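Q: Fold the stuff below for me.
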Amino acid sequence: QKMAELLGLRNECGEGVSGAPALSGFCLAAKRLNLDVYPDGCRRFLQLFEGRQGEVVQVEFLRLSCNDRLLGTTLGILPHLKHLKSLVLKGGHARDEFGSCQHGSLTTLPPDIGNLRCLTHLDLSFNSLSTLPSCILHLPSLRVLLVSHNSLVALPEDFGSLSKMTFFSAMKNQLKDLPQSIGELALLQDLDLSENALESLPKEVGNLHNCTELDLSGNRLSSIPDSIANLKSLRRLHLHSNLLVTVPASLASLPNLSRLDLQNNCLRAVPPEIQTSPFVHLRGNPLGETEPSHQADESSAGRLRRLFLASGEDSFTVTSEGCKVVLACGIHFYFPPGAASDPLQIYFQTLAPDPQWVKLRHHDILLSRVLELQPHGVKFQQEVQIWMPYASPQTLHQREVVVRTFSGQSWSDLRTRVEQKRKSKKHVACCSVLHFSWFLVVSRLVQNECKVPTEGTLLFSTVDPNIKVTFPPGVTEETRSVKLQVLPVSAEEIEEITANAGCRASPLLCLSQDSLVDFLRPVRIQLPLPPGVTGLNLDRSRLHLLHGDLEGQTWDDITGQVVLEFTHLYAVFEVTHFSWYWLWYTTKTYIGGIAKKVYERLRMYQVNFIALQRKKDPEQVLLQCVPKHKVDPVLKKLQDRYRGPEPSDMVEMFEGEQFFAAFERGISIDMDRPDCVDGRLSFIFYSHLKNMKEIYVTSPVDRKDQAVKGQVSFYRGAVPESIPEDASKKRKGPDSLWLATLPIKLPQLKPRWGENPGPLNGFSFPPLNLGNAETGYLTQSNLLSIARRVGADWQTIGLNLGLTYQQIERIGYNNREDLDKQILDMLFSWAQQNSEDPDCVNKLIIAMKESGRQDIADEVETIIELGRQKYRDSIRRVGLEQESSTEDSAVAM
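A: From the prediction side, this is the model:
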C-alpha cells in the first residue's frame, strides 16, 4: 500500500482465470500485465510478445515470477519495453520440498535494463542476488528499489548515484557495511536495512535529511554515529535486536521523532533524556547492571586466563579476575572480570537427554546433549557467556536455533546468537546467563512475538510474510504478549500422506498468548490460500477452516462459525481467542480426521536400522537408527571398517521416542550395563543426534565347532507423552512393538596355539612401581596379590577405576574363558595407563571402596603404610649419617 502511495498506483487489474485472451484484453488495455500468479507466466508473456508485440511494448506495469523456468529467455525481451514504469521480478511463488517459499533464480539483470528511462519502481525481492546488478545504477528515474530477501553482502561504492530514489529496502540480506555514498541519496524517505549483518554505519548516513523512517533492527551494531541526530525529518527509528551498548543523547532532540525502538540490545545505561521520553522503547535491555560486555573491553579480555580442559576433567575454578574456559567437548565459557566475587569451583557434565524430563514441544528438534553446570542457583555478578556446539539442521529457513534452560521445574528459551566457526565450520549457539543449571540446544519453528497494547498493533510471520494478524484498537485492556509460529506444508507432502491429489492446505498457523482472557474485539487473521487456489478459481464449498487444540489431537471445521473473506491470494477471518488454524481445500467431507492424520505424520521421521560388525573383530557390533535420507552417507563412511546386512525396512518414529535392541538366537550381551533393561539395550531416538551404540557380544554356544547365526531385533519402548492418542492406540497388540530384525553371525573360533588354562600362567606383565617413594609403592608383586582376591567384581572395579565399557567388554572377550586373566588384564591395563600419576594408588583404594571391597582397600592401605614406614626409616638413617659426617668434618678442621 505504501508503494502504491509513493507511485500513485492502484492494485487493480481484471486478470482472466485461464488463458491469454482475457489477459491480453483488459490488462493490455490498462498497460499492465500481472503474470506472477500463473505457474507459466513467462510462457504466456513470450506468446503475447510474439503475437501482439506492438501492444506489449507499450506495457507500463509488469509482474513476473522468478521461479519460472523460462525467466532467462523473458529477461532478454524486457529492454524492449521502453515505457515500463513498474517492474516486479519476485521469487517466493513456488514452494520447496519443505513447503517453504522458494527464492527465485534471478542472479543478475541484462545490462540493457539500464536503458529503461521511465522505470520508477523495481522489485527484485526473494531472489538469489549476491551483488546488485550494475545496470540498476543507470536507471535515471528510479524512485523505489526493493531487494529484500536476497544474499547481498555489499552495495556498490557508487550506490549514491541513484539520486531520485525515495524508498530502498534491503531487509533480510547479508550486508556487513554500507558505502559512504549512501549519504548522497538526498531524496530518500524510507530506508529499510533490517535483518542484515551490519556492524557499523558510515557517518554519511546523517546526510539523509529527508529520511522519515530508518529501520536498522536485527543487525550487529554496537554503536551508531552521532550524525544520526542530523536527520531532522526522522519520525521512526528502529534499532531493536542489535548489540548496542550506547546511544547518542542527541537522539532525544530530533524534532519529529515519534518512535525510537531500542528493545533487545545490550544497553545498561542510557542518557536520561532518552530514558524518560514517551516514544522510546527499552524492553529487553539489562538497564542498571554493571557492564559485562565481552566486546566492550577487548584489551582486558585479551589478558584473561585461558583454561583448556582435557577429557575426563569435570571442574575448574573461577576467580574475580575472570577467565575463558574451553572444554574437551567444544563448549566454551567466558567469565568476565567481576563475574564471581570470590573463588568459585564450577562442576560440569554432559548428559544423555532423558525424555522423562527433557520435554520437547511440538515440532522441536533436539540438537545437543544436556549440559549441567553446578553449583545450581548461585548468581553471578555479571552475565556469563556460553557457547554450545550443536548438530546443524539441514534446513534453517523456517526454523531457528535457541538454547533452552531448565530451572528445576520448567524449561524456557534464552535469547540466542548463532555463530559458525571459521576453521571447523561447526555451528555454535551462544547465550548469556546469570545462573547455572541445565542447558541444551533445540531447533524450533520460527517464533514471532509482540506486545499488544490497548491501541492495537500488527504481527506478521517472517517465514511467510503473507500471514498477518491485526489487533484493532480496544482489543485488550491490559498489554499482553502474543506469539506466532508457522509450519509450511507442501502440496507434495499432503498428496503423499492423503493419497489424494485434490487435497491442498495452507501453512499451519499457531497463535498463543500469555493471557487466559479472550480478546475484547475480534482479531483479524490473513492466511494465504492453499497452493494452486486463487480468488478467481475458488470453489467455496471445498474450502474449510480448521481449528486445532494445543496438542493437535482434534481438528474442528469452523468454516460455518466465522465470516471468511477472500482476495485474489488470501483468506481473511476474525477470532477472539487463539489456537491453531489451518486452511484446507478438498472435496472430502470428514476433513477433521484427514487433518489429524496429516498432522500426526508431519511429526514422524522415516528411519532405518543398521547392524554392522567390525571386520577385524566380529564380536564388536555397531547399532544405529538413521533417518532415511542419511542412510547412504552413513554406510559409505563405515564401509571400510564394518560389514553387515542391508539396512532394515523403513519405519516411522517420533522425536524423543524410546526403542530397544535385543540380541537373540544364541547371542547375548553384558546384562550389567546401565543402559540395559531386562536384557535389552535402551535407545532414545533424536533425529539429529547419532542414536548409535557399539558393544561387544558373546555367545553361550560353544563356537569351537560351529559359527553362531543369531539376530538383533528392535522394539518400540515408551511412547512420548505428546504423541497423538490415535498413534498410541495403533501400537498395541502382540506384534505392535516389533520394528525390525537383522542377522548377526559370530564366526567359528579358531584354537589358540599354546593356550594354558592354569591360573595366572601364560600371562606376562611389565615391571611396575605405582605411587612414589614418600607415599609408598605398589609393585608388580603387590598387584598380583591383590588380583587373587578380586574375583567376580572385576568389572565393577574396572569401571570405578575409569575404564570404559568398551575396554571392559574387550577384556572380557579376549579372555572369555579365563576369569583370572580377565582380572589381571583389567588391573594391569589400568596400572600401565596410570603409572605416571602420583595419586594413582589413592584412586585404587577409592575404587575398591566404591565397589564394596573394603577388604582389598584395607590390604592396599596396609601395603602403602609399610612402604611409608620404610621410607621414613631410610630418611632417618641418611640424616644420621649426614649429621655424623658433618661432626667428623668439624673435628678435622
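Q: any idea which helix or strand comes after the longest strand anywhere in the chain?
A: With residue count as the measure and DSSP state E as the assignment, the chain has strand 604-614 as its longest strand. Using DSSP states H and E, the helix or strand that directly follows strand 604-614 along the chain is strand 620-627.
Q: Relative to the whole chain's centre, how far out is that next one?
A: On the basis of C-alpha atoms, centre = their mean, to the nearest Å, the separation between the geometric centre of strand 620-627 and that of its chain is 24 Å.
Q: Show the average pLDDT along that strand.
A: Strand 620-627 shows an average pLDDT of 91 in the prediction.
Q: And stretch 570-584, by the same measure?
A: Per-region confidence: stretch 570-584 scores 89 on mean pLDDT.
Q: Which residue ranges of the stretch 501-650 of the chain form strands?
A: With DSSP state E, counting those that start in this stretch as the criterion, the stretch 501-650 of the chain has strands at 504-505, 508-513, 523-528, 543-548, 555-557, 565-566, 570-575, 580-585, 604-614, 620-627, 642-643.
Q: Now do the third one: everything it contacts.
A: To tie it back to what came earlier, the one meant is strand 523-528. When contacts are taken as C-beta atoms under 8 Å, 6 or more residues apart in numbering, the neighbours of strand 523-528 outside the stretch itself are 464, 466-472, 475, 506-507, 509, 511, 569-576, 578, 581, 583. Every C-beta, even on glycine, is put in place using the N, C-alpha and C of the backbone.
Q: Now, of these, which are buried?
A: Burial by neighbour count, judged by 16 or more other C-beta atoms under 10 Å, picks out 464, 466-471, 475, 506-507, 509, 511, 570-575, 578, 581, 583 from those.
Q: So residue 811: helix, strand or coil?
A: helix (DSSP: H, G, I helix; E, B strand; the rest coil).
Q: Could you count how many residues lie near it?
A: Burial of residue 811 is recorded as 23 neighbouring residues (other C-beta atoms under 10 Å).
Q: show me what contacts it?
A: Contacts of residue 811 were listed using C-beta under 8 Å, 6+ apart, and they are 798, 822, 825, 826, 829.
Q: any chance of the residues you listed in JSON lines, with distance to residue 609 and neighbour count too?
A: Output for the contacts of residue 811, formatted as JSON lines (distance: C-beta to C-beta, whole Å; neighbours: other C-beta atoms under 10 Å):
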{"residue": "798", "distance to residue 609": "30", "neighbour count": "26"}
{"residue": "822", "distance to residue 609": "32", "neighbour count": "22"}
{"residue": "825", "distance to residue 609": "33", "neighbour count": "22"}
{"residue": "826", "distance to residue 609": "32", "neighbour count": "24"}
{"residue": "829", "distance to residue 609": "33", "neighbour count": "17"}
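Q: so what are the domain limits for the chain?
A: Listed domain ranges for the chain are 28-281, 305-445, 447-602, 604-720+737-746, 780-878 (source: the TED database).
Q: worst average pLDDT in the ones you listed?
A: Per-segment mean pLDDT for those reaches its minimum on domain 780-878, at a mean of 78.
Q: Return stretch 698-716 as CSV; C-alpha atoms alone will do.
A: These are the backbone C-alpha positions of stretch 698-716, laid out as CSV (Å, rounded to 0.1, in the frame of the first residue of the first chain):
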residue,chain,number,x,y,z
THR,A,698,29.2,-63.1,23.3
SER,A,699,27.6,-66.4,22.8
PRO,A,700,26.9,-69.2,25.4
VAL,A,701,27.1,-71.7,22.5
ASP,A,702,30.4,-73.5,22.0
ARG,A,703,31.9,-71.8,18.9
LYS,A,704,34.9,-74.2,18.6
ASP,A,705,32.8,-76.5,16.4
GLN,A,706,30.5,-74.1,14.5
ALA,A,707,29.6,-70.5,13.9
VAL,A,708,26.6,-68.9,15.6
LYS,A,709,23.8,-67.4,13.4
GLY,A,710,21.9,-65.0,15.7
GLN,A,711,20.0,-61.8,15.2
VAL,A,712,19.2,-58.4,16.7
SER,A,713,15.6,-57.2,16.9
PHE,A,714,14.4,-53.7,17.5
TYR,A,715,11.3,-53.0,19.6
ARG,A,716,9.4,-49.8,20.5
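Q: tell me which residues in it are buried?
A: Of the residues in stretch 698-716, those buried under the neighbour-count criterion (16+ other C-beta under 10 Å) are 698, 699, 701, 703, 708, 710, 711, 712, 713, 714, 715, 716.
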